[in-house]
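In: Here's a sequence, model it:
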Amino acid sequence: MARYFFTLLLSLVALFSYSQQVVTFTVKNFDTKEVLPFCNVGIEGSGLGGITNEDGVITMKIPESYSTATISISHIGYEPQKIKISDIGDEKRVVYLKESAYILPEVEISSNDDEWFKILNKCRSVNIKQKNISRAKAFYSIESTKDDLPLEVVECFYNADINGLNVKDLAFKNGKLFLNKSESGWRTLNASETYKHFDVFQETDLFPSSILCFGLSGMKKRFNVEMEFTDDLYKVFFSPKDKSGAYFSGYIFIDRSDFSLKHIEYFTDNATIYPFLPIYPDDSISKVSLSINETFADNGVNLLPELVRYDYSFDYYSRRYGVLHKVESKSFLYLYDYGKSFVDPLFDFYADPTDYRKISLIPYNDVFWKQNYKFTISESKSEKIDYFEREEQSFDYNSSTSEETIFGDAIVAQIENNTDNFRHIGFFEIPYIKWNNDVKLLVHEKRPQSENSIENIIATSQKYKFVVLILLDITELDDSIHWQSFTIFDPFQSYYEYEEHPTENIFACVNIYFALCEDIRLEMEENIKKNHRSVEDIRRIYSETKNELENFRKKYFREVGLGENLFELRLYNAMVIKKFGIDYIEMFKTFHKNENER
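Out: Numbers count the residues shown, from 1 in each chain. Next up, the predicted model:
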């Protein structure tokens, strides 16, 4: 497939060639020598940092200007550690953290003592008032297995919208995935959505409730609590009186000085409220274990979510096959660079598509990932990826098509290049389709997907609408701007109702329109190259092109119809022949002749 990538001002070689020191180390518990995952690691005075992976390992690229700086390492419940970068040599690859010394009350206090509940309620009342709205960059990772067999590894970057201590929205930037295609029914198509529906202080219908979801009387009524503390923190353990699976147990870490929330750990092994549904109505889900851990950071002004971990497992019974499966998944969302964000891809999504569909539409951007991927791959994730590649089960996220038939009602199918065979496209439920020279679309009947569209048809007697859009993905590098763009057939906004079987002129008409939209995109690319100065310049050019594309759509189908005006159709076809060397009218005459002979 033809791709168009442009980088301005600096070459990539120059961009990534500045001097850096690479250091790798593992963080462990001083006493047990067990690894400590998800520790916060930062270079003091730089704003640079990250987190250790599930194996307690982090690899950091240290700019030369910070080669003598100090690295700070912290983890909730442990004493923070500082170490000079120069001290992390080949012989010192492990950094140890000591557990904080918690103090138990000298006098035994009942688990229902008012004082502990008052501390929790004070924490809730202080933190629930935080309504600060902010934006941050976010990295999301999920690994799933079924009966210990790898199912998927998904990694995505987002722009995260934060309201108080909760993630309210995740705007997709770019992603990649590895899938076990032989297990086609088992996919967490939109697992990142769960992060948007979890609320620290409010009950939801997707998760068990925690003690912080209630006021003082509600806490006392539903939970038992125990507490211990250090000089700086209260550590509260709570457990529900109701063992039905509607409530979490867990730990809450509270700053003693201002009652700010530092960390929560929620868990249950018998959840009866959970964000899963069986694939088929007769199937069942049982023995649901949920775990949610969240760490908060103070930026000096507001308390902000920094790391959310969400793990689950359940038994899945397939009545159709009489088989019981064990499904497990581990995921995390890391939020960083508050006040900054990626440039959102420019594209008008119909409704709110799943993570998988967005990954299938917005191609993997190697330049973006080299610039932004700063996470050390864990051993578990590496083994899963190796399995997918070894078994040839990985999904090529650089490809515009897949071997599998789509789910749902499609409006188009694709003719195989240089053959009379055609097949449905896509891996992700009615896919968006990227233009290239080999894509030939066949039209199928498909009704509108919204009531508004149906009303529009009734009002105008319009029996068809074909929509092509342009996707523009912009990446800001250190001193340059990179972008890539694609012409996309939109199957969601397109529809077609016919009384008779479509003719070759209809097929030619749609493909000519698709190709001429590609020509408009190419003109946009040239315009950006000549007239860009900033991201805003590129956005402005895109907006102008978007209007041009819509005006052309109206003009084209007004003049051509569905190919009834053969004179106009031939004029447009001549433009495509000149630009791309493709004669769609002749092509579909041959195709229809062969179809009729079968």
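In: ok, which stretches of the stretch 151-300 of the chain are strands?
Out: Assigned strands in the stretch 151-300 of the chain, in chain order: 166-179, 223-229, 233-240, 249-255, 261-268, 284-298 (criterion: DSSP state E, counting those that start in this stretch).
In: Quickly list the domain ranges of the chain.
Out: If you go by automatic domain parsing, the domain ranges for the chain are 19-97, 114-374, 400-597.
In: how far is the second one from where the chain is centred?
Out: Same thing as domain 114-374. 13 Å (Cα atoms, centre = their mean, to the nearest Å).
In: Make 778 the first number, not 1, from now on.
Out: Let's use 778 as the start, then, which means that last one is domain 891-1151.
In: Start and end of it, how far apart?
Out: By Cα to Cα, to the nearest Å, the extent of domain 891-1151 from end to end equals 46 Å.
In: could you give the mean pLDDT of it?
Out: For domain 891-1151, the mean pLDDT works out to 90.
In: Likewise for the first one?
Out: Along domain 796-874, the predicted local confidence has a mean pLDDT of 85.
In: And for the last one?
Out: Taken as a whole, domain 1177-1374 has a mean pLDDT of 76.
In: how about stretch 903-917: buried residues?
Out: Residues of stretch 903-917 classed as buried by neighbour count (16 or more other Cβ atoms under 10 Å): 903-904, 907, 911-917. All C-beta atoms are positioned from the backbone trio N, CA, C, and that covers glycine.
In: Let me know the closest of the residues you listed to Lys1117.
Out: Nearest to Lys1117 out of the buried residues of stretch 903-917 is Lys914 (Cβ to Cβ; 6.2 Å).
In: I'd guessed the closest one sits against Asp1114; true?
Out: Yes - with contact defined as Cβ atoms under 8 Å, Lys914 counts as touching Asp1114 (4.5 Å).
In: who wins for proximity to Phe1165 among the domains of the chain?
Out: Between the domains of the chain, domain 891-1151 lies closest to Phe1165; by Cβ to Cβ that is 4.3 Å.
In: continuing past the longest helix along the chain, what's the next helix or strand?
Out: In the chain, with assignment by DSSP state H, the single longest helix is helix 1281-1308. Moving toward the C-terminus from helix 1281-1308, the next helix or strand (DSSP states H and E) is helix 1312-1337.
In: Name the residues of that following helix that are buried.
Out: By neighbour count on 16+ other Cβ under 10 Å, the buried set for helix 1312-1337 is 1315, 1318-1319, 1322-1323, 1326, 1329-1330, 1333-1334, 1337.
In: Same check on stretch 1067-1086?
Out: Residues of stretch 1067-1086 classed as buried: 1067-1074, 1079-1086 (neighbour count, 16+ other Cβ under 10 Å).
In: related to what we said a few turns ago, could I get the buried residues of helix 1312-1337 as CSV with distance to Ser1137?
Out: Below are the buried residues of helix 1312-1337 laid out as CSV (distance: Cβ to Cβ, whole Å):
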residue, distance to Ser1137
Ile1315, 24
Ile1318, 26
Tyr1319, 21
Thr1322, 23
Lys1323, 22
Leu1326, 22
Phe1329, 26
Arg1330, 24
Tyr1333, 27
Phe1334, 27
Val1337, 30
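In: Sort out for me which of the buried residues of stretch 903-917 are in strands.
Out: 911-917 (DSSP state E).
In: so how many other residues sit close to Gln979?
Out: Gln979 has 11 neighbours, counted by other Cβ atoms under 10 Å.
In: how about the helices in the protein?
Out: Counting by DSSP H, the chain has helices at residues 789-792, 891-904, 970-974, 993-999, 1132-1138, 1143-1149, 1156-1167, 1228-1237, 1281-1308, 1312-1337, 1343-1357, 1361-1374.
In: on that earlier part again, distance from the chain centre to the longest helix of the chain, please.
Out: On the basis of Cα atoms, centre = their mean, helix 1281-1308 sits 29 Å off its chain's mean C-alpha point.
In: So which residue is dead centre in the protein?
Out: The chain has Cys933 as the residue nearest its centroid, 4.3 Å off, counting by Cα atoms, centre = their mean.
In: I figured it hits Asn967, correct?
Out: No - Cys933 lies out of contact with Asn967 (Cβ under 8 Å); the separation is 11.0 Å.
In: Show me whatever sits in contact with both of the two.
Out: Asp1132 (Cβ atoms under 8 Å, 6 or more residues apart in numbering).
In: List the beta-bridge partners for the residue nearest to the centre of the chain.
Out: Counting by DSSP bridges, Cys933 is bridged to Tyr917, Gly952.
In: OK, contacts around it?
Out: 916-917, 949-953, 969, 1132, 1136.
In: ok, it to Gly1027 distance?
Out: According to Cβ to Cβ, to the nearest Å, Cys933 stands 27 Å off from Gly1027.
In: I'd like the strands of the stretch 928-1077 of the chain as TSV, with distance to Val1216 appended.
Out: Output for the strands of the stretch 928-1077 of the chain, formatted as TSV (distance: least, Cβ to Cβ, whole Å):
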stretch	distance to Val1216
strand 943-956	23
strand 1000-1006	59
strand 1010-1017	56
strand 1026-1032	52
strand 1038-1045	48
strand 1061-1075	40
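In: quick one: which of those strands is nearest Glu1281?
Out: Nearest to Glu1281, of all the strands of the stretch 928-1077 of the chain, is strand 943-956, at 37.2 Å by Cβ to Cβ.
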